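In: Mind looking at a prediction? Sequence and model below.
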Amino acid sequence: MDKIVIQGGIPLKGQVDISGAKNSALPAISACLLSKGWNRLQGIPELKDVHTIKKIMEEMGVVFKEQGETLLVNTENLTSCHAPYELVKTMRASILLLGPLIARMGRAKISMPGGCAIGARPINLHLKALSSMGMDMYLEHGYINASAKRLKGARIFFDIPTVTGTENILMAAATAKGVTVIENAAKEPEVQDLACMLRSMGARIEGEGTDTILIEGVDELRPADHRIIPDRIETGTFMIGATITKGDIWINNCIPEHLTAVIEKLTAVGADIHIEDKRIHVIGPDIIRSVDIKTMPYPGFPTDLQAQFMALMCISDGSSIIHETIFENRFIHVSELRRMGADISIDGSQALVRGKDRLLAAPVMATDLRASACLVLAGLIAEGERTEIRRIYHLDRGYERLEEKFQKLGARIWREKDLSAP
Ligand code: EPU
């Protein structure tokens, strides 16, 4: 196992290119199951989670080929509809295979995802919606055993706007008989990207990006040829990186409109932010002002940037309230930040961060993907010899070559073998 080592204190300078979005890549690869033939996907990042979904699909008979920047996905012959526990337990997003499998094959056996470090994360809304479209299912030995003849369109109201739930229904409804209406749909750019890909495959979808999505089922879909969107969470992580280190960076190949809430908050913090087409220029302020945030579904402030923003508030000039409304346990980074000298108290879903002059380098443990990114950012400004971050396999799930990208911006960050790991 590796660990990341950082010697903090260097303001980031230079340019960084953003990779394709993890949370677009996973539904895009899953959606290829809806067609028969060679699909072409561009911009797919090299990540552990992408590797996991490919591995599950390979066991189903899907063939993957890499051709330069393009991922070719052949879904002609499916031999199994089984997503096993050993793989699903490492990535909850495997549930994205349920919608397309049931639509294409009329059956699926998928390990029920368990909870994860950030919360219980149930999938009841996915199952209820698919059941209302005619899916039969029973749970046995930890597996969802699902079957259906052709799914039929339905009116679906999500109690909570679920991102992967909306994506599962978009895929299932694309070839269902009749019209499906999703109300209180998730509006995230990744949902919009999937709708765009499905439309290019012949699906009839309207309203993505709003609360109500309408899908008119078609008999079949053709293979996809799609480039996924850049990762807005990676973009936001670098924006916070420039701000926290008081640096000056250009972030290339991003979609600034996907980060409106983040740009607004970082501007309030004092960062100087300029947008130029698909690039964002961020200059960090001399004094980091304290600002409150509340995580919300898109277009609100993303929960996937809450931990990174908290690292920034640890060295702000005052007190900041960070309110997490999406996941019930997404403050696991707090105890690690405290080890670096942060002053944070938690009351239920709110954290009060009292800004200090500095953070101090320390050995810390990554506990989930975004918590890992938060610790990297904290390490970039920590005073002292070195910050060591262990269990960085979490980071490799969702950030492509993160330490290389930070190195290119001048940071002293590298990987070492973690000899203390079992
Ligand atoms: N929820 C339910 N029942 C359901 C589904 C969701 O109660 O059936 C609840 C969840 O427990 C949560 C809320 O609804 O409280 C929203 O969860 P959502 O379903 O939208 O989350 P998700 O689809 O499981 C995706 C991203 C997450 C991101 C969230 C919120 C993917 C693969 N994952 O998860 O990404 O945090 O949306 O934006 O798209 C990450 O990348 O680090 C990550 C965790």
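Out: The structure has been received and is ready for your questions. Residues are numbered from 1 along each chain as shown.
In: Enumerate the residues of the stretch 101-250 of the chain near the ligand.
Out: Applying CB under 6 Å from any ligand atom, one finds that the stretch 101-250 of the chain approaches the ligand through 119, 121-126, 160, 162-165, 186, 190. For every residue, glycine as well, the C-beta is placed using N, CA and C.
In: If we use 5 Å, what do you get?
Out: For the stretch 101-250 of the chain, the residues in contact with the ligand (CB under 5 Å from any ligand atom) are Arg121, Pro122, Ile123, Asn124, Leu125, Ile160, Thr162, Val163, Thr164, Gly165.
In: and those, which are buried?
Out: Arg121, Ile123, Leu125, Thr162, Val163, Thr164, Gly165 (16 or more other CB atoms under 10 Å).
In: rewinding a little: any chance of CSV for the residues of the stretch 101-250 of the chain next to the ligand, columns pLDDT and secondary structure?
Out: As requested, those are exported to CSV (pLDDT from 0 to 100; DSSP: H, G, I helix; E, B strand; the rest coil):
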residue, pLDDT, secondary structure
Arg121, 84, coil
Pro122, 88, coil
Ile123, 93, coil
Asn124, 94, helix
Leu125, 96, helix
Ile160, 96, coil
Thr162, 97, coil
Val163, 98, helix
Thr164, 97, helix
Gly165, 98, helix
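In: of those residues, closest to Lys13?
Out: Nearest to Lys13 among those is Val163, at 34.4 Å by CB to CB.
In: Apart from its neighbours in sequence, what residue is nearest that closest one?
Out: Ala186 (4.5 Å; CB to CB, 6 or more residues apart in numbering).
In: Can you tell me how far the one you found is from Gly37?
Out: Per CB to CB, to the nearest Å, Ala186 is found 29 Å from Gly37.
In: Those two - which one has more neighbours?
Out: The neighbour comparison of Ala186 against Gly37 (other CB atoms under 10 Å) goes to Ala186, with 24 against 12.
In: List the residues that contact that one.
Out: Phe158, Pro161, Thr162, Val163, Gly165, Thr166, Glu167, Pro297, Tyr298 (CB atoms under 8 Å, 6 or more residues apart in numbering).
In: The residue nearest to the last one when sequence neighbours are not counted and Thr75, how far apart?
Out: Nearest residue to Tyr298, sequence neighbours excluded (CB to CB, 6+ apart): Glu188, at 4.3 Å. In this structure, Glu188 and Thr75 are 25 Å apart, going by CB to CB.
In: Then Leu214 would be within a strand, right?
Out: Yes - under DSSP: H, G, I helix; E, B strand; the rest coil, Leu214 falls within a strand.
In: for it, which residues make a bridge with it?
Out: When bridges are called by DSSP bridges, Leu214 pairs up with Val181, Glu206.
In: quick one, what contacts it?
Out: Here Leu214 is in contact with Val179, Thr180, Val181, Ile182, Ile205, Glu206, Gly207 (CB under 8 Å, 6+ apart).
In: make it 6 Å
Out: Val181, Glu206, Gly207 (CB atoms under 6 Å, 6 or more residues apart in numbering).
In: And Val269, by the same measure?
Out: Contacts of Val269 by CB under 6 Å, 6+ apart are Ile288, Arg289, Val291.
In: and if you look at Ala117?
Out: Per CB under 6 Å, 6+ apart, neighbours of Ala117: Ile332, Thr367, Asp368.
In: Identify the spatial nearest neighbour of it, chain neighbours not counted.
Out: Asp368 (4.5 Å).
In: Got a quick ChimeraX command for the buried subset of the contacts of Leu214?
Out: Only the buried members of the contacts of Leu214 enter the following ChimeraX selection, criterion being 16+ other CB under 10 Å:
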select :181
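In: ok, stretch 11-31 near the ligand or not?
Out: Yes - interface with the ligand: stretch 11-31 contributes Asn23 (CB under 5 Å from any ligand atom).
In: how distant is that stretch from the center of its chain?
Out: 9 Å (CA atoms, centre = their mean, to the nearest Å).
In: Same question for stretch 8-19.
Out: Averaging C-alpha positions (CA atoms, centre = their mean) puts stretch 8-19 21 Å from its chain's average.
In: ditto for stretch 249-264
Out: The answer for stretch 249-264 is 16 Å, by CA atoms, centre = their mean.
In: Can you list the buried residues in it?
Out: Ile249, Trp250, Ile251, Asn252, Cys254, Ile255, Pro256, His258, Leu259, Ala261, Val262, Ile263.
In: which one of the residues you listed sits closest to Pro223?
Out: Ile255 (25.2 Å).
In: Check the closest one and give its pLDDT.
Out: On pLDDT, Ile255 comes in at 98.
In: From the ligand, how far off is it?
Out: 16 Å (CB to the nearest ligand atom, to the nearest Å).
In: Now for Ile213: which residues touch it?
Out: Per CB under 6 Å, 6+ apart, neighbours of Ile213: Ile182, Ala185, Gly207.
In: redo that, cut-off 8 Å
Out: Going by CB under 8 Å, 6+ apart, Ile213 touches Thr166, Leu170, Val181, Ile182, Ala185, Ala195, Ile205, Glu206, Gly207.
In: ok, back up a step: for the contacts of Ala117, which one is nearest the ligand?
Out: Closest approach between those and the ligand, by CB to the nearest ligand atom: Asp368, at 7.1 Å.
In: Just confirm the closest one contacts Ile118, I think it does.
Out: Yes - under the criterion of CB atoms under 8 Å, Asp368 makes contact with Ile118 at 5.6 Å.
In: Now do the shared contacts for these two.
Out: Contacts common to Asp368 and Ile118, judged by CB under 8 Å, 6+ apart, are Ile332.
In: Can you show me the strands along the stretch 51-200 of the chain?
Out: Using DSSP state E, counting those that start in this stretch, the strands of the stretch 51-200 of the chain run over 63-67, 70-74, 82-83, 107-111, 136-140, 143-147, 155-157, 179-183.
In: what is the orientation angle of the second one with strand 63-67?
Out: Translated: strand 70-74. 160 degrees (axes from the mean of the first three to the mean of the last three CA atoms, to 10 degrees).
In: Now do the same for strand 70-74: mean pLDDT, whole number.
Out: Rounded mean pLDDT across strand 70-74 is 97.
In: counting contacts, what elements does the helix or strand hosting Ala31 pack onto?
Out: Element membership of Ala31 [criterion: DSSP states H and E] is helix 22-31. With contacts taken as 3 or more CB pairs under 8 Å, 6 or more residues apart in numbering; DSSP states H and E, helix 22-31 sits against strand 38-42, helix 48-59, helix 98-105, helix 163-174, helix 189-200.
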